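*Asks:* Fold the following and give me the result.
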Amino acid sequence: MDCIFCKIINGEIPSHKIYEDENVLAFLDITQGTKGHTLIIPKKHIKNVYELDEETIIDVFRVVPMIANALKKAFSPIGLNIINNNDQPHQSVFHFHLHLIPRYENDGMQLSTVDNFGKYDPKYFQDLINSIKEEL
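*Replies:* Below you'll find the model as predicted:
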(Lines give C-alpha, C1' and ligand atoms only; values in the text may rest on other atoms or scores of the structure.)
Protein backbone atom coordinates (compact mmCIF):
# COMPACT_ATOMS: atom_id res chain seq x y z
CA MET A 1 0.00 0.00 0.00
CA ASP A 2 1.28 3.43 -0.89
CA CYS A 3 -0.40 5.36 1.95
CA ILE A 4 1.85 7.88 3.69
CA PHE A 5 -0.11 7.56 6.94
CA CYS A 6 0.16 3.77 6.92
CA LYS A 7 3.91 4.20 6.42
CA ILE A 8 3.99 6.54 9.43
CA ILE A 9 2.02 3.99 11.49
CA ASN A 10 4.46 1.24 10.46
CA GLY A 11 7.51 3.38 11.31
CA GLU A 12 8.68 3.56 7.68
CA ILE A 13 8.44 7.36 7.70
CA PRO A 14 9.33 9.49 10.72
CA SER A 15 6.68 11.62 12.42
CA HIS A 16 6.30 13.89 15.41
CA LYS A 17 4.09 11.67 17.56
CA ILE A 18 2.01 13.18 20.32
CA TYR A 19 -0.06 10.15 21.30
CA GLU A 20 -0.35 6.50 20.34
CA ASP A 21 -2.41 3.57 21.49
CA GLU A 22 -3.43 0.25 19.97
CA ASN A 23 -5.88 1.83 17.50
CA VAL A 24 -5.06 5.52 17.13
CA LEU A 25 -2.10 7.75 16.37
CA ALA A 26 -1.86 11.53 16.85
CA PHE A 27 1.04 13.50 15.42
CA LEU A 28 1.95 17.02 14.40
CA ASP A 29 0.98 17.98 10.86
CA ILE A 30 4.21 18.82 9.01
CA THR A 31 2.53 21.89 7.47
CA GLN A 32 1.79 23.41 10.89
CA GLY A 33 -1.07 25.56 9.56
CA THR A 34 -1.00 27.04 13.05
CA LYS A 35 1.16 26.27 16.08
CA GLY A 36 0.21 22.80 17.33
CA HIS A 37 -1.73 21.67 14.21
CA THR A 38 -2.27 17.97 14.92
CA LEU A 39 -3.60 15.01 12.96
CA ILE A 40 -5.49 12.15 14.59
CA ILE A 41 -5.75 8.95 12.54
CA PRO A 42 -6.99 5.42 13.03
CA LYS A 43 -4.27 2.82 12.62
CA LYS A 44 -6.68 0.80 10.52
CA HIS A 45 -6.51 2.02 6.92
CA ILE A 46 -9.85 3.57 6.07
CA LYS A 47 -10.05 5.84 3.03
CA ASN A 48 -12.57 8.41 4.28
CA VAL A 49 -15.70 9.05 6.35
CA TYR A 50 -17.85 7.07 3.92
CA GLU A 51 -15.93 3.88 4.77
CA LEU A 52 -15.76 4.38 8.53
CA ASP A 53 -17.15 1.82 10.92
CA GLU A 54 -18.62 2.71 14.28
CA GLU A 55 -15.85 1.09 16.33
CA THR A 56 -13.09 3.00 14.53
CA ILE A 57 -14.74 6.40 14.85
CA ILE A 58 -15.35 5.75 18.55
CA ASP A 59 -11.63 4.97 18.96
CA VAL A 60 -10.67 8.18 17.12
CA PHE A 61 -13.09 10.49 18.92
CA ARG A 62 -12.17 9.01 22.30
CA VAL A 63 -8.77 10.66 21.78
CA VAL A 64 -10.01 14.03 20.44
CA PRO A 65 -10.86 15.73 23.78
CA MET A 66 -7.57 14.62 25.33
CA ILE A 67 -5.50 16.07 22.47
CA ALA A 68 -7.69 19.19 22.20
CA ASN A 69 -7.26 19.91 25.91
CA ALA A 70 -3.51 19.33 25.73
CA LEU A 71 -3.27 21.82 22.84
CA LYS A 72 -5.37 24.32 24.80
CA LYS A 73 -3.19 24.02 27.90
CA ALA A 74 0.10 24.02 25.98
CA PHE A 75 -0.54 26.97 23.66
CA SER A 76 -3.56 28.95 24.97
CA PRO A 77 -5.26 29.33 21.57
CA ILE A 78 -8.41 31.43 21.30
CA GLY A 79 -10.21 28.44 19.79
CA LEU A 80 -9.83 25.21 17.85
CA ASN A 81 -11.10 23.93 14.51
CA ILE A 82 -11.64 20.23 13.89
CA ILE A 83 -11.62 19.51 10.18
CA ASN A 84 -12.08 16.38 8.11
CA ASN A 85 -11.91 16.47 4.30
CA ASN A 86 -13.41 13.71 2.17
CA ASP A 87 -12.77 13.24 -1.54
CA GLN A 88 -12.77 16.43 -3.58
CA PRO A 89 -11.75 19.15 -3.35
CA HIS A 90 -9.49 18.99 -0.29
CA GLN A 91 -8.64 15.43 0.78
CA SER A 92 -4.96 14.98 -0.08
CA VAL A 93 -4.14 11.83 1.92
CA PHE A 94 -6.71 9.09 1.42
CA HIS A 95 -6.55 7.69 4.95
CA PHE A 96 -9.24 9.06 7.27
CA HIS A 97 -7.88 11.78 9.53
CA LEU A 98 -8.96 14.69 11.66
CA HIS A 99 -7.11 17.99 11.74
CA LEU A 100 -7.07 19.71 15.13
CA ILE A 101 -6.08 23.28 14.33
CA PRO A 102 -5.54 25.64 17.24
CA ARG A 103 -6.65 29.17 16.40
CA TYR A 104 -4.85 32.37 17.31
CA GLU A 105 -5.46 36.08 16.78
CA ASN A 106 -4.47 37.05 13.22
CA ASP A 107 -3.35 33.50 12.36
CA GLY A 108 -4.29 33.90 8.70
CA MET A 109 -6.60 30.87 8.68
CA GLN A 110 -9.80 31.40 6.72
CA LEU A 111 -12.49 28.82 7.31
CA SER A 112 -16.04 29.79 6.47
CA THR A 113 -19.21 28.72 4.75
CA VAL A 114 -21.55 30.65 2.50
CA ASP A 115 -24.35 32.34 4.44
CA ASN A 116 -27.61 31.47 2.70
CA PHE A 117 -29.80 32.42 5.64
CA GLY A 118 -33.26 33.50 4.50
CA LYS A 119 -32.87 32.25 0.93
CA TYR A 120 -34.92 29.06 1.32
CA ASP A 121 -38.50 28.37 2.28
CA PRO A 122 -39.74 25.58 4.58
CA LYS A 123 -40.55 23.31 1.60
CA TYR A 124 -36.90 23.39 0.53
CA PHE A 125 -35.80 22.21 3.99
CA GLN A 126 -38.50 19.52 4.07
CA ASP A 127 -37.34 18.25 0.66
CA LEU A 128 -33.78 18.04 2.00
CA ILE A 129 -34.95 16.15 5.07
CA ASN A 130 -36.95 13.71 2.95
CA SER A 131 -34.01 13.07 0.59
CA ILE A 132 -31.65 12.37 3.46
CA LYS A 133 -34.09 10.20 5.42
CA GLU A 134 -34.71 8.06 2.32
CA GLU A 135 -31.03 7.07 2.47
CA LEU A 136 -30.80 6.37 6.20
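*Asks:* For residue 62, report the pLDDT, please.
*Replies:* pLDDT for residue 62: 97.
*Asks:* Am I right that it is in a strand?
*Replies:* No - counting by DSSP: H, G, I helix; E, B strand; the rest coil, residue 62 is not part of a strand but helix.
*Asks:* ok, and the closest non-adjacent residue to it?
*Replies:* With C-beta to C-beta, 6 or more residues apart in numbering as the criterion, residue 62 has its nearest non-adjacent residue at 7.6 Å, and that residue is residue 24. C-beta: built from backbone N, CA, C; applies to glycine.
*Asks:* Could you double-check that the one you found lies in contact with residue 41?
*Replies:* Yes - counting by C-beta atoms under 8 Å, residue 24 touches residue 41, with 7.1 Å between them.
*Asks:* related to what we said a few turns ago, angles on the backbone of the residue nearest to residue 62, please.
*Replies:* Main-chain dihedrals, residue 24, degrees, to the nearest 10: phi -140, psi 150.
*Asks:* Tell me who's in contact with it.
*Replies:* Shown in contact with residue 24 (C-beta atoms under 8 Å, 6 or more residues apart in numbering): 40-43, 59-60, 62-63.
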